[in-house]
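**Q** here is a sequence together with a model predicted from it:
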Amino acid sequence: MNNFPGQSAPEQRSQTPTGTFPPAPEPHAGEPAASTGAPASQKKRRDGLIAAAVAILGSVAVVAGIFLYPVITGQNEPQASAPATAPTTSAPANPTPSVAGTQGAKVSPSPKVVLKGATSAPSATPTPAEQVAPIDVNGVKLDASMFASPEEAKATFEKIEDVRKAGDRVLVGTVKVQGELDANEAIDGRRLYILGPNSTKHAIFYLEKPVKMTLGAVGGMKYTRPVIASGLGDSEYFVDEYNKWKKFKDKHLIVRVDKKAGFWPSEASVPLGQPYLQPEVLAVIK
């Protein structure tokens, strides 16, 4: 419709067709269905907000898990960092368990270490006296307890062995100083007789046990008899010998007798029937 100059255009009224519209055509295969709600821009905006909210909630959950996990598991104590290179130590073969960790538990004793070829120590250490072996002299047993010290016993026993190797005699006995009256008294069942006045004293060596000896006599004869004592001198005729031996009165002695010494008297000498042996003192014993 044409408008003339100076004339306003007539008002156009929208006319909405009435009646029945034909149905919308079905979409072809592969084509997206036409949306029937909010515009596409609003849908994209809504989807973006949902995705952002989900991301934020996930981040919060991760952070909360990092801080809450040690608290929940009891590992919130600070842990010391291990050194870069820790020293290596080998554990003992049989570690000793601590007292706190073995209450009520049976603890096996540590095994004894026995060196190859070693023997168990004796239950008691022998004394120095026990370490010196005793010896026998004509049936008399001598041990270290009869001497002043184990060293003295050992030295004396060595002397005895040397005397024996030389072929000489070793005797054990006691020195007595007697006159006629007291000499007639029995000593350990042995009885000696002394002639002469009681004022004359005699030094006599009584053997601990009788010993058979073969000794010479006048005329080159030899006799074997049991010897129980030996005269050592007297205060009247053999003064020097007597004075030499009286200082050993009542002492127990170990003596040496030369294999060539000793003889049976040819007269009524004292003690009667006993020889003179001319002994030499090796040791004084208890």
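**A** Great, that's in hand.
**Q** contact partners for the closest residue to residue 286 other than its chain neighbours?
**A** Nearest non-adjacent residue to residue 286, counting by C-beta to C-beta, 6 or more residues apart in numbering: residue 146, 5.0 Å away. Where you see a C-beta, it was placed from the backbone N, CA and C, and this is true even at glycine. By C-beta atoms under 8 Å, 6 or more residues apart in numbering, the residues touching residue 146 are 153, 252, 285, 286.
**Q** beta partners for the second one?
**A** What it means is residue 252. residue 174, residue 285 (DSSP bridges).
**Q** ok, then the element right after whatever helix or strand residue 47 lives in?
**A** Assigned by DSSP states H and E, residue 47 belongs to helix 40-73. Next in sequence after helix 40-73, counting helices and strands by DSSP H and E, comes strand 135-137.
**Q** just checking: what are the partner strands of that next one?
**A** With DSSP bridges as the test, strand 135-137 is paired with strand 140-142 (antiparallel).
**Q** buried residues in the partner strand?
**A** Buried residues in strand 140-142, counted by 16 or more other C-beta atoms under 10 Å: 140, 142.
**Q** list the contacts of that strand.
**A** 134, 135, 136, 153, 157, 172, 208, 209, 254, 285.
**Q** confirm for me that the second one is in contact with residue 157.
**A** Yes - using C-beta atoms under 8 Å, residue 135 and residue 157 qualify as a contacting pair, with a distance of 5.5 Å.
**Q** compare those two and say which one has the larger neighbour count.
**A** residue 157 (21 against 16; other C-beta atoms under 10 Å).
**Q** residues in contact with the more buried one?
**A** 132, 133, 135, 142.
**Q** pLDDT below threshold where in the stretch 1-150 of the chain?
**A** 1-41, 54, 58-124, 129 (pLDDT under 70).
**Q** run a quick neighbour tally on residue 220.
**A** 6.
**Q** so which of the contacts of residue 146 is surrounded by the most neighbours?
**A** Busiest of those [other C-beta under 10 Å] is residue 153, holding 24 neighbours.
**Q** wasn't that residue part of a helix?
**A** Yes - when DSSP: H, G, I helix; E, B strand; the rest coil is applied, residue 153 is found to be in a helix.
**Q** go ahead and confirm it touches residue 143.
**A** Yes - checked against C-beta under 8 Å, the pair residue 153 and residue 143 is within contact range at 7.3 Å.
**Q** about what we covered before: now the contacts of strand 140-142 in JSON lines, with distance to residue 261?
**A** Below are the contacts of strand 140-142 laid out as JSON lines (distance: C-beta to C-beta, whole Å):
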{"residue": "134", "distance to residue 261": "28"}
{"residue": "135", "distance to residue 261": "23"}
{"residue": "136", "distance to residue 261": "23"}
{"residue": "153", "distance to residue 261": "26"}
{"residue": "157", "distance to residue 261": "23"}
{"residue": "172", "distance to residue 261": "17"}
{"residue": "208", "distance to residue 261": "20"}
{"residue": "209", "distance to residue 261": "20"}
{"residue": "254", "distance to residue 261": "16"}
{"residue": "285", "distance to residue 261": "22"}
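**Q** distance of residue 259 from residue 281?
**A** 17 Å (C-beta to C-beta, to the nearest Å).
**Q** looking at the two, which one has more neighbours?
**A** With neighbours defined as other C-beta under 10 Å, residue 259 and residue 281 compare such that residue 281 has more, 14 against 11.
**Q** so how far is residue 212 from that one?
**A** In terms of C-beta to C-beta, residue 281 sits 23 Å off from residue 212.
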